[in-house]
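K.L.:
coordinates only, no sequence provided:
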């Protein structure tokens, strides 16, 4: 079994479905802006997770597709609005929606994607109680994502953030949507109560592992692999697990350096390097790596409830992938 | 029967329900920002319409409340985002959300209200098919509102807008939510197919009458009554029915003045007065008034399908109110 093939087969299947939802109505500018990000690709991890989760308990994967579309549209809607808030210029190597279409149209494009997600949900066939339960879970998930994004913004302005607060933030901002994808896929596939619980937990742990591994990757890989600007996160005072750990555990000298440089928009290249040294010598980078691996392990552990199958193997490999990827 | 009393009784009943949804969670800033506009009042016309519509076919009005809450939250979410796009400073005589809490938090507050609306929908009891149908109608309505707001913004930048285009815009931006309110209220009250159709049409005509009467009011009443700045709409080139009519039907001299002044941000007080004269002498102001009255009449006509009751009288008075109010 080759995970990359398994995921890309499903992503291709998903993309066909997604395209059927990307209608071209008027006003043209609004629809162009709305489909700009979904069209620019992405790994479709959430739809794939929902599909795999459904397949793990059912032979029919087509039935989960409207939900998979809804997940991806919700994910894209939050990215469009986040990019406005963060004043980001690029996403998936193309200009962000507000950069290309202006802020007013980008706000509306996000709103339209939000609505389109719920329109897609209405194509779910079968038991209306399942539709209602999955939709409710998606609604609550969006509320969590809003809270998580607000926390993320507020944390950047704060000197200290505790590890508990950090986990609350990434739980809401990232992990709940993974959990919703896995849980919803299983509900739509009519999994048992135990299977639903297991897959909801799997998604949650997977999401946490993914997010923390992202934090780790940003600071451990060379810039060429990742294509991100490490320095900016340090200049913005971004509260990653690594930063949170260092701010709490660094020695007196390390804390002094953090106080001076971390969150300082004018920090120079040499300052950034000093902070990286503090992170490394304090064991903060390694701590993030270990924590991510811990959640990967937890994710695989809860999968044991599922009956053995090729899909279960793929889900296990998916968990491993969360802490192996290099970008 | 006193319409004002009937509406304010229902608005008070509604406000009690609304408050029960306005929970105070963390992050505090996000929740403060989200409830800022719903808390600042407003006439609650859409909830009242949904309640009356339900009452017109059923004895149980409590059952419609979650939908009434959803309507008001959707309305408020669109206002929060519209105010960012329009750079508006005041709404209901208080600072707009982005003015008070900043744009990033205001974008998120709007998103949260959107999600909260759908959370409220899930409290609808009874037949799940009714829940699904009403919710779908609300989703499609939000898509229309996005399109309508985009059209409104694009029209401001255009020289000419046809009457058909104007009607398409206000249909989407204003009338569909009134229609959704009336239709949904009737569906939840288990009205017949005929009653549902009648009330959907009623809401649509009422919404059109309301919006056009707003256009008319802006230009006919003295500023003290309305508390709005007439000049700004003319400086911004806002395509009201009055402007659309004048741009098409004014004589050569009038068209010259419109070309020079309408949509000119630097227009002076005397220029504005000249445009008002063009509007008046061309019969454009009167045309808007007559058109609004026409839709009020249409709204009352479709009500004839309903059985006679006090609620039917209130709905008729509601239609009259749409073209009698002075603010």
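P.N.:
Okay, I see it. Note that this is a predicted model, so its numbers are computed, not measured. Numbers count the residues shown, from 1 in each chain, chains lettered A, B, ... in the order given.
K.L.:
close to chain B: what parts of the stretch 51-200 of chain A are there?
P.N.:
A:81, A:84-85, A:103-105, A:107-108, A:110-112, A:114-116, A:118-119, A:122, A:128-129, A:131-132, A:135-136, A:139-140, A:142-143, A:146-147, A:149-151, A:153-154 (CB under 8 Å from any CB of the partner chain). No exception for glycine: its C-beta is placed from N, CA and C like everyone else's.
K.L.:
list only buried entries from those residues.
P.N.:
Using 16 or more other CB atoms under 10 Å in any protein chain shown as the burial test, these include A:81, A:84-85, A:104-105, A:107-108, A:110-112, A:114-116, A:118-119, A:122, A:131-132, A:135, A:139-140, A:142-143, A:146-147, A:149-151, A:153-154 as buried.
K.L.:
on the three-state scheme, the residue most central in space within chain A is what?
P.N.:
The C-alpha lying nearest the average C-alpha coordinate of chain A belongs to residue A:174 (CA atoms, centre = their mean; 4.4 Å). Assigned by DSSP: H, G, I helix; E, B strand; the rest coil, the conformation of residue A:174 is helix.
K.L.:
you'd agree it is up against residue A:205?
P.N.:
No: here residue A:174 lies out of contact with residue A:205, judged by CB atoms under 8 Å, at a distance of 11.8 Å.
K.L.:
beyond the lowest-mean-pLDDT helix or strand in chain A, next helix or strand please.
P.N.:
Lowest by mean pLDDT, DSSP states H and E among the helices and strands of chain A is helix A:223-226, with a mean of 43. Per DSSP states H and E, helix A:223-226 leads on to helix A:230-235 as the next helix or strand towards the C-terminus.
K.L.:
list the buried residues in that following helix.
P.N.:
Here helix A:230-235 shows A:230, A:231, A:233, A:234, A:235 as buried, counting by 16+ other CB under 10 Å.
K.L.:
looking at these, which gets the smallest pLDDT?
P.N.:
On pLDDT alone, residue A:230 ranks lowest of those, at 69.
K.L.:
which of the residues of the stretch 51-200 of chain A next to chain B fall within strands?
P.N.:
Among those, DSSP state E puts none in strands.
K.L.:
which ones among those residues map onto helices?
P.N.:
Those of those mapping onto helices are A:81, A:84-85, A:103-105, A:107-108, A:110-112, A:114-116, A:118-119, A:128-129, A:131-132, A:135-136, A:139-140, A:142-143, A:146-147, A:149-151, A:153-154, per DSSP state H.
K.L.:
how about the helices in the stretch 201-327 of chain A?
P.N.:
Using DSSP state H, counting those that start in this stretch, the helices found in the stretch 201-327 of chain A span residues A:223-226, A:230-235, A:241-249, A:252-261, A:269-281, A:284-302, A:310-322.
K.L.:
by mean pLDDT, show me the worst of those.
P.N.:
helix A:223-226 (a mean of 43).
K.L.:
of all residues in the stretch 151-300 of chain A, which one is closest to chain B?
P.N.:
Going by CB to the nearest CB, chain B is nearest to residue A:151 of the stretch 151-300 of chain A, at 5.6 Å.
K.L.:
what number of residues lie near the nearest residue to that residue once chain neighbours are set aside?
P.N.:
Leaving aside its chain neighbours, residue A:151 sits nearest to residue A:169 (4.3 Å; criterion: CB to CB, 6 or more residues apart in numbering or on different chains). Look at residue A:169: counted by other CB atoms under 10 Å in any protein chain shown, it has 23 neighbours.
K.L.:
and residue A:169, what does it touch?
P.N.:
A:148, A:151, A:152, A:155, A:239 (CB atoms under 8 Å, 6 or more residues apart in numbering or on different chains).
K.L.:
now do the contacts for the second one.
P.N.:
Residues counted as contacts of residue A:151 (CB under 8 Å, 6+ apart) are A:165, A:168, A:169, A:172, A:173, B:27.
K.L.:
buried subset of these as a ChimeraX selection?
P.N.:
To isolate the buried ones among those in ChimeraX, judged by 16+ other CB under 10 Å, type:
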select /A:168,169,172,173 /B:27
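K.L.:
same list (the contacts of residue A:151) but as a markdown table, adding pLDDT.
P.N.:
Below are the contacts of residue A:151 laid out as a markdown table (pLDDT from 0 to 100):
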| residue | pLDDT |
| --- | --- |
| A:165 | 98 |
| A:168 | 98 |
| A:169 | 98 |
| A:172 | 98 |
| A:173 | 97 |
| B:27 | 97 |
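K.L.:
residue B:178: which of the contacts of residue A:151 is nearest?
P.N.:
residue B:27 (34.1 Å; CB to CB).
K.L.:
phi and psi next, for the closest one.
P.N.:
For residue B:27, the backbone dihedrals are phi -70, psi 130 (criterion: degrees, to the nearest 10).
K.L.:
one more: residue A:325?
P.N.:
Dihedral angles (degrees, to the nearest 10) for residue A:325: phi -60, psi 150.
K.L.:
tell me the spacing between it and residue A:216.
P.N.:
Distance of residue A:325 to residue A:216, given as CB to CB, to the nearest Å: 11 Å.
K.L.:
list the contacts for residue A:130?
P.N.:
A:124, A:187, A:188, A:190.
K.L.:
show me where pLDDT drops low in chain A?
P.N.:
Counting by pLDDT under 70, the ranges of chain A that qualify are A:221-230, A:327.
K.L.:
can you do 80?
P.N.:
Where chain A drops to pLDDT under 80, the residues are A:218-232, A:326-327.
K.L.:
picking up where we left off before, distance of the residue of the stretch 151-300 of chain A closest to chain B from residue B:270?
P.N.:
For residue A:151 relative to residue B:270 (CB to CB), the value is 53 Å.
K.L.:
do residue A:314 as well
P.N.:
For residue A:314 relative to residue B:270 (CB to CB), the value is 74 Å.
K.L.:
how about residue A:251?
P.N.:
73 Å.
K.L.:
and residue A:80, by the same measure?
P.N.:
44 Å.
K.L.:
and these two? Which one has more around it.
P.N.:
Each of residue A:80 and residue B:270 has its neighbours counted (other CB under 10 Å); residue A:80 has more, 28 against 8.
K.L.:
which ones are touching that one?
P.N.:
Neighbours of residue A:80 in contact, by CB under 8 Å, 6+ apart: A:37, A:96, A:97, A:98, A:106, A:109, A:110, A:113.
K.L.:
so the closest residue to the last one other than its chain neighbours is in which element?
P.N.:
Across the structure, with CB to CB, 6+ apart as the measure, the residue nearest residue A:113 apart from its sequence neighbours is residue A:77 (3.8 Å). Secondary-structure assignment from DSSP H and E places residue A:77 in helix A:65-86.
K.L.:
between helix A:103-121 and that helix, find me the angle.
P.N.:
Counting by axes from the mean of the first three to the mean of the last three CA atoms, to 10 degrees, helix A:65-86 lies at 160 degrees to helix A:103-121.
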